[in-house]
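Q: I'll drop the sequence and a predicted model, then ask my questions.
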Amino acid sequence: MDISGLVIFSEFLIGKLNYMRFKDILNYTIYEHGKFNITVDSLFVILTTILITILALAIVRKGFGRYIAKNETERRSFWSIYLIIKYLIWVVVIVIVLESSGVKVSIILASITALLVGIGFGIQQLFSDISSGIVLLIERNLQINDVIQIEDGTVGKVIHIGLRTSKLKTREDIILVVPNSKFVNDKIINWTQMDYNTRFFVEVGVAYGSDVKLVTDKLLQCALENKSISNSPSPFVRFDDFGESSLNFRLFFWVNESFRVENIKSQLRYVIYDEFRKNNIKIPLPQRDLHFRTNFPDTKTESAE
């Protein structure tokens, strides 16, 4: 054997030894408990799988969401689909991680089933919330940025839809965490999905004897001068009722900012009060008329007779 052949053989031998050492390193056991076994190789697979999953979901959310969803409706639809895909992908990733660690998923599922039978009613509400979250994501009756009113009268904007709970931001800027089962089982008013513009009204009473035509004109003027109120449909006034102390009117108007409508109502009341004061239109206080009788018969005299 010449020198060149010896060199080639030596390089092959060294490479083989290095490969065997590298393979030994990959097969090195970091943690072992029964059938649960984590080696350097399996740990690398686990970390790589999780990292790739996180990066892929981030790309889908930011990249595709930006180019596919061109308006608010499409963005909401994309977000619902994205959440469903996200949960499904993480289920697959968890299965891959467990299999890489030597854990039999079938055994875990059997154990979980037995556990669920054992604790049954204790976690019934938990599974009700989770199943309701899946229903919300599939049906898309509730979406991000929707303004809703729940059964107790609370109005809020949906800022997060999770698998078990969702978050609302109220008009007082308070974050409210609501179980998803309430959105499925209770009656919910969705102001956003009703129409682009939503109708509201402001009530006002004026004194008897007021010029009702002037009252109507001034109420419409106040609404038309407010930039937050839509001109299509146009605001209108309804003579609502003859009250005990006042003539009652309702000013109806449409806005596309239903979440902040209470601020718009407040603005209207300020302007209405000023306009009524300028035009001598009185807003009465509740009144009661008392009648006193003074000609009662003398009961003592009658009884004596």
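A: Received it, and whenever you're ready, just let me know what you need. Numbering: from 1, shown residues only.
Q: Low-confidence regions, the protein specifically.
A: For the chain, the stretches flagged by pLDDT under 70 are 1-38, 40, 63-78, 80, 100-123, 194-196, 293-305.
Q: residue contacts, residue 177?
A: Residue 177 is in contact with 165-167, counting by C-beta atoms under 8 Å, 6 or more residues apart in numbering. Where C-beta positions appear, they are placed from N, C-alpha and C, glycine not excepted.
Q: most surrounded residue in those residues?
A: In terms of neighbour count, residue 166 stands highest of the contacts of residue 177 at 25 neighbours, by other C-beta atoms under 10 Å.
Q: Are we agreed that that residue is in a strand?
A: Yes: assessed by DSSP: H, G, I helix; E, B strand; the rest coil, residue 166 belongs to a strand.
Q: Adjacent strands (with direction) for the helix or strand where residue 178 lies?
A: Element membership for residue 178 (DSSP states H and E) is strand 175-179. Here strand 175-179 is paired, per DSSP bridges, with strand 165-170 (antiparallel).
Q: which outside residues touch the strand it pairs with?
A: By C-beta under 8 Å, 6+ apart, strand 165-170 touches 129, 133, 136, 142, 148, 150, 154-160, 175-180, 183.
Q: Now, of those, which are buried?
A: Neighbour-count burial (16 or more other C-beta atoms under 10 Å) applied to those gives 129, 133, 136, 142, 148, 150, 155-158, 178-180, 183.
Q: Identify, from the residues you listed, the entry nearest to residue 215.
A: For the buried ones among the contacts of strand 165-170, the closest approach to residue 215 (C-beta to C-beta) belongs to residue 155, at 29.5 Å.
Q: residues touching that closest one, list them.
A: Residue 155 neighbours (C-beta under 8 Å, 6+ apart): 147-149, 170-171, 191, 259.
Q: Count the residues that sit near the residue nearest to residue 218 when sequence neighbours are not counted.
A: Once flanking residues are discounted, residue 218 sits nearest to residue 275: 4.7 Å by C-beta to C-beta, 6 or more residues apart in numbering. A count of nearby residues for residue 275, using other C-beta under 10 Å, gives 18.
Q: Next, the buried residues of the helix or strand residue 275 falls within.
A: For residue 275, the element it lies in under DSSP H and E is helix 261-278. Across helix 261-278, burial judged by 16+ other C-beta under 10 Å covers 261, 264-265, 267-268, 271-272, 275-276.
Q: Give me the residues contacting it.
A: 171, 198, 200, 202, 204, 206, 218-219, 221-223, 225-226, 228-229, 251, 253, 255, 257, 281-283.
Q: Same check on stretch 187-196?
A: 141-143, 145-151, 155, 198, 256, 258-259.
Q: from the residues you listed, which two are the most distant?
A: Greatest spatial distance among those (C-beta to C-beta): 151 and 256, at 24.7 Å.
Q: Pipe the contacts of residue 177 into CSV and attach distance to residue 292 per row.
A: Listed next are the contacts of residue 177 as CSV, based on distance: C-beta to C-beta, whole Å:
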residue, distance to residue 292
165, 63
166, 61
167, 61
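Q: Just the closest of those residues to residue 85, please.
A: residue 166 (18.4 Å).
Q: ok so, going back, filter the contacts of residue 155 to the buried ones?
A: The buried subset of the contacts of residue 155 - by 16+ other C-beta under 10 Å - is 147-148, 191, 259.
Q: Out of these, which is nearest to residue 244?
A: Closest to residue 244, out of all of those and judged by C-beta to C-beta, is residue 191, at 32.8 Å.
Q: what are the phi and psi values for that closest one?
A: Here is the backbone geometry of residue 191 (degrees, to the nearest 10): phi -70, psi -30.
Q: Do you have the strands of the stretch 201-305 of the chain handy? List them.
A: 236-242, 247-255 (DSSP state E, counting those that start in this stretch).
Q: Give the partner strands of the last one in its sheet and their orientations.
A: Spelled out, that is strand 247-255. Taking DSSP bridges as the criterion, strand 247-255 forms sheet pairs with strand 198-206 (antiparallel), strand 236-242 (antiparallel).
Q: Before I go, just wanted to say thanks for your time.
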